[in-house]
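Visitor: Just the structure for this:
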Amino acid sequence: MIRPGLVSITFRKLTAGEIVGLAVQAALAGIEWGGDVHVPHGDLRQARIVRRMTADAGLEVAAYGSYYRVGHGEPCPFEAVADTAVALGAPTIRVWAGKRGSDTADAAYRDRVVQDSREIADLASDAHVTVSYEFHGNTLTDTNASTRRLLEKVAHPSIRSYWQPPRGASVARCLEGLDAVMPWLTHTHVFAWRAPENEGPVERLPLAEGAEDWDLYLHKIASLGGDRYAEIEFVRDDLPENLLRDAATLAEWLALVNANRER
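Guide: Below is the predicted model:
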């Protein structure tokens with residue numbers, strides 16, 4: 001089943017308590033807690049507080065959205081990130097696959113990211129959590145081919161992958177990207193925006209405007225079986241009321257997708 005969730009950094013200016021209340025109001029099921037503001041890396045006390053707050057509201061911790069840069073050991077040692085995820089009760093830790101795009105990364109750099117990926121995956125496995133790459137530009141997961149190549153090269157059972165539509169990508173390219181990561185897919189970041197492929201301003205749209213595209217993506221994801229989250233990330237004008245609207249849209253989509261999968 002695909003369940004509706006929220007990426008907490010969608011609202012960096014809100015407190016963790018305010019985000020929990022908003023998620024409940026929006027009838028979401030879980031939260032990916034960000035490691036920069038709401039549950040800072042290494043702050044185990046805050047992680048335990050947020051874990052309890054989330055559970056008391058009837059929500060799940062979907063993931064720990066860290067800002068660990070694989071191959072660089074930044075912004076802190078991975079041990080601190082893993083300890084925080086455990087204290088938070090997160091089943092997976094989102095990380096970033098380096099700091100270079102695939103077009104500027106030489107073989108030595110890729111090997112560096114692969115080696116660190118295996119090392120942090122071992123640490124995560126010992127802590128009974130997994131690691132999931134962010135599917136994002138300016139990292140080694142910036143193209144469909146590079147992402148697949150990295151996942152196959154690392155070949156560790158605790159390494160997984162997120163997915164989200166890349167900037168400016170066509171629907172066909174998005175579907176190819178989903179195909180590339182399907183064997184490793186954990187959660188998906190969900191949003192609707194209008195953006196050029198490279199740098200440039202992004203126009204955030206109501207999620208309903210992406211209905212045609214997301215119908216294809218979610219049905220493909222649902223075909224995997226198993227349980228995962230579709231997590232709302234970014235809303236128009238960063239307004240909480242727009243989350244409520246987008247959450248209602250996502251709920252309608254998931255009701256249909258999940259019902260179709262069960263037939």
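Visitor: contacts, neighbours, all on C-alpha from now
Guide: Will do.
Visitor: Show me where this structure has its helices.
Guide: Using DSSP state H, the helices of the chain run over 16-25, 44-56, 78-88, 107-126, 144-154, 171-181, 211-222, 240-262.
Visitor: Give me whichever of these is most buried.
Guide: helix 78-88 (a mean of 23; mean count of other C-alpha atoms under 10 Å).
Visitor: just to revisit the earlier point, relative to Pro165, which of the helices of the chain is closest?
Guide: helix 171-181 (5.8 Å; C-alpha to C-alpha).
Visitor: what's the single longest strand in the protein?
Guide: With secondary structure taken from DSSP state E, the chain has its longest strand at strand 60-69.
Visitor: what's the angle from it to helix 78-88?
Guide: Comparing the axes of strand 60-69 and helix 78-88 via axes from the mean of the first three to the mean of the last three C-alpha atoms, to 10 degrees yields an angle of 170 degrees.
Visitor: Tell me how far strand 60-69 lies from the chain's centre.
Guide: Per C-alpha atoms, centre = their mean, to the nearest Å, the displacement of strand 60-69 from the mean C-alpha position of its chain is 8 Å.
Visitor: Just the mean pLDDT for that strand, thanks.
Guide: Mean pLDDT, strand 60-69: 98.
Visitor: now do stretch 237-246
Guide: Rounded mean pLDDT across stretch 237-246 is 96.
Visitor: Packing partners of the worst-scoring helix or strand of the chain on mean pLDDT?
Guide: Ranking every helix and strand in the chain by mean pLDDT, DSSP states H and E puts strand 193-194 at the bottom, with a mean of 88. Secondary-structure packing of strand 193-194 (3 or more C-alpha pairs under 8 Å, 6 or more residues apart in numbering; DSSP states H and E): strand 203-204.
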